[in-house]
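Student: okay, predicted coordinates and the sequence, questions at the end:
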Amino acid sequence: MEVQQVLCMKEGDGEASYANNSLLQKKVILEVKPILEESITELYCKTFSECLKIADLGCSSGPNTFLPLWEIIDCIGATCSRFSREPPAFQIFLNDLPQNDFNAIFKSLARFYERIEKEKEGMSGQCFIAGVPGSFHRRLFPDRSIHFFHSSYSLHWLSQVPEGLVSESGTPLNKGNIHLTVTTPPSVHKAYLNQFERDFTAFLRLRSQEIIPGGHMLLTLLGSDGNGQNSSTDGLYKICELISMTLKDMVTEGSIQESELDSFNIPLYMPSPEEVRSVIQRESSFTLLRLETFKLDWDDNIDDYVVMYIRAVGEPILASHFGGAVMDSLFHRFFMKVVENIEMGKGIYTNLVISLSRNGSLPTR
């Protein structure tokens, strides 16, 4: 499976689209808002740059795409008012994989610009937004060209399915599972951790070349409390376990082949704070300003919400492997599993917030 070809949110604005099923991500962005404001304000007050160049990595599509951008513009506007300064221009780059629904973003730009014109005096015509399709596991921008990187709910996705999930004889090592569970062998946990460490190290190295010295980066991703071995108690790991159980039922009934289930592994890893800290320290291009965790639980009307959310996020990658014809049946069965799970009182998920600054002196005017 070529992850970059199938990893995308469900496009459009229909009932099952990501745009209409991304409340979870909105809650996370709002929770992180004070840290975002702290980071962007500190950066701006060191430079008072006439044009802030900002990149949002893994922007997706829908209303959440513009939420952190508005928070940044609002925060800088308030800062300029306090210092009686003219607000800077904003050059904003929205990045995601080419399969992302960029057309939906571009169609929404006019409304975003109109809101700036109506609500932000002095900022009309000062914001310039462009799409940058491509993987953030590769170079995206010229050397020292970006002041601030932002990424929310993207870095837990791996660049590829980890290697080493099949024995030398060709036997699947995580048989019957699509992700990490309590029955997953330690070698599979290690393979997932190794892939995350490679990806995150490369991500930091690439961004260190593109960001200015002293520039800031704020990253939010799904995480876990422990070292991965006990992470199956976290909400999203539990979701993967429920999907595995659903697929096993479909194997038993003959809807899908057992070999299809055994060969499918989700390229997703939720690291612990110490795993993140270790990579940052070893890579050494950035200073860690904050590394915090917070927990959120599933919302009201949880059975419908969770299924629609997981379908909006997971259907493209599941359909690429199992076929689109079984998706309605899969998610109907998954709905029943979620209802049973909610009655057991589970559904808490852990989030990591990472605030970084690029080592080196920040240029001043």
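Tutor: That came in fine, so what should we check first?
Student: every contact and neighbour count from this point should use C-alpha atoms.
Tutor: Noted.
Student: just the pLDDT for I302.
Tutor: Here the pLDDT value assigned to I302 is 53.
Student: which ones are touching V307?
Tutor: By CA atoms under 8 Å, 6 or more residues apart in numbering, V307 lies in contact with 331, 334-335, 338.
Student: how about JSON lines for those, with distance to G254 and secondary structure added?
Tutor: Below are the contacts of V307 laid out as JSON lines (distance: CA to CA, whole Å; DSSP: H, G, I helix; E, B strand; the rest coil):
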{"residue": "F331", "distance to G254": "16", "secondary structure": "helix"}
{"residue": "F334", "distance to G254": "17", "secondary structure": "helix"}
{"residue": "F335", "distance to G254": "20", "secondary structure": "helix"}
{"residue": "V338", "distance to G254": "22", "secondary structure": "helix"}
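Student: let's have those in a markdown table, adding neighbour count.
Tutor: Output for those, formatted as a markdown table (neighbours: other CA atoms under 10 Å):
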| residue | neighbour count |
| --- | --- |
| F331 | 19 |
| F334 | 24 |
| F335 | 21 |
| V338 | 22 |
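Student: any chance of the residues you listed in TSV, plus distance to T350 and pLDDT?
Tutor: Listed next are those as TSV, based on distance: CA to CA, whole Å; pLDDT from 0 to 100:
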residue	distance to T350	pLDDT
F331	24	86
F334	22	85
F335	22	82
V338	19	79
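Student: so which of the residues you listed is the closest to C45?
Tutor: V338 (47.3 Å; CA to CA).
Student: which element is N174 on?
Tutor: Using DSSP states H and E, N174 sits in no helix or strand.
Student: apart from its chain neighbours, what residue comes closest to it?
Tutor: T184 (5.7 Å; CA to CA, 6 or more residues apart in numbering).
Student: follow-up on the earlier one: closest one of the contacts of V307 to I256?
Tutor: F331 (14.0 Å).
Student: tell me which stretches of the stretch 101-250 of the chain form helices.
Tutor: Ranges of helices within the stretch 101-250 of the chain are 102-119, 186-210, 235-252, based on DSSP state H, counting those that start in this stretch.
Student: can you lay out those helices as a markdown table showing mean pLDDT?
Tutor: Below are the helices of the stretch 101-250 of the chain laid out as a markdown table (pLDDT from 0 to 100):
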| stretch | mean pLDDT |
| --- | --- |
| helix 102-119 | 92 |
| helix 186-210 | 97 |
| helix 235-252 | 85 |
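Student: shaky segments in the stretch 251-365 of the chain?
Tutor: For the stretch 251-365 of the chain, the stretches with pLDDT under 70 are 298-306, 342-347, 362-365.
Student: mind listing the strands for the stretch 201-350 of the chain?
Tutor: In the stretch 201-350 of the chain, the strands defined using DSSP state E, counting those that start in this stretch lie at 211-223, 286-297, 348-358.
Student: what number of residues lie near the closest residue to G58 other than its chain neighbours?
Tutor: Of all residues not flanking G58 in the chain, D96 sits nearest, at 4.5 Å (CA to CA, 6+ apart). Residues contacting D96 under the criterion other CA atoms under 10 Å number 23.
Student: need the contact list for the nearest residue to G223 once chain neighbours are set aside.
Tutor: Leaving out its chain neighbours, the residue that sits closest to G223 by CA to CA, 6+ apart is M270, at 4.1 Å. Each residue near M270 by CA under 8 Å, 6+ apart is listed here: 156, 221-224, 228.
Student: returning to what we had before: closest to L236 out of the contacts of V307?
Tutor: Nearest to L236 among those, with distances taken as CA to CA, is V338, at 11.9 Å.
Student: hmm, L242 and that closest one touching each other?
Tutor: Yes. With contact defined as CA atoms under 8 Å, V338 reaches L242; the gap is 7.3 Å.
Student: how near is F148 to S284?
Tutor: 18 Å (CA to CA, to the nearest Å).
Student: quick one on the thing from earlier: how about the contacts of M270, which pair is most distant?
Tutor: Across the contacts of M270, the longest distance by CA to CA is 14.8 Å; it joins L221 and G228.
Student: what sits against the residue of the chain positioned farthest from its centre?
Tutor: Taking CA atoms, centre = their mean, the residue of the chain most remote from its mean C-alpha position is S84, at 36.1 Å. Counting by CA under 8 Å, 6+ apart, S84 touches no other residue.
Student: and it, that's in a helix?
Tutor: No. Applying DSSP: H, G, I helix; E, B strand; the rest coil, one finds S84 to be coil, outside a helix.
Student: just give the nearest non-adjacent residue to L261, would you?
Tutor: Per CA to CA, 6+ apart, closest to L261 is G176, 6.3 Å.
Student: settle this for me: the one you found is touching S259, isn't it.
Tutor: No. Using CA under 8 Å, G176 makes no contact with S259, being 9.3 Å away.
Student: okay, the two: which has more neighbours?
Tutor: G176 (23 against 12).
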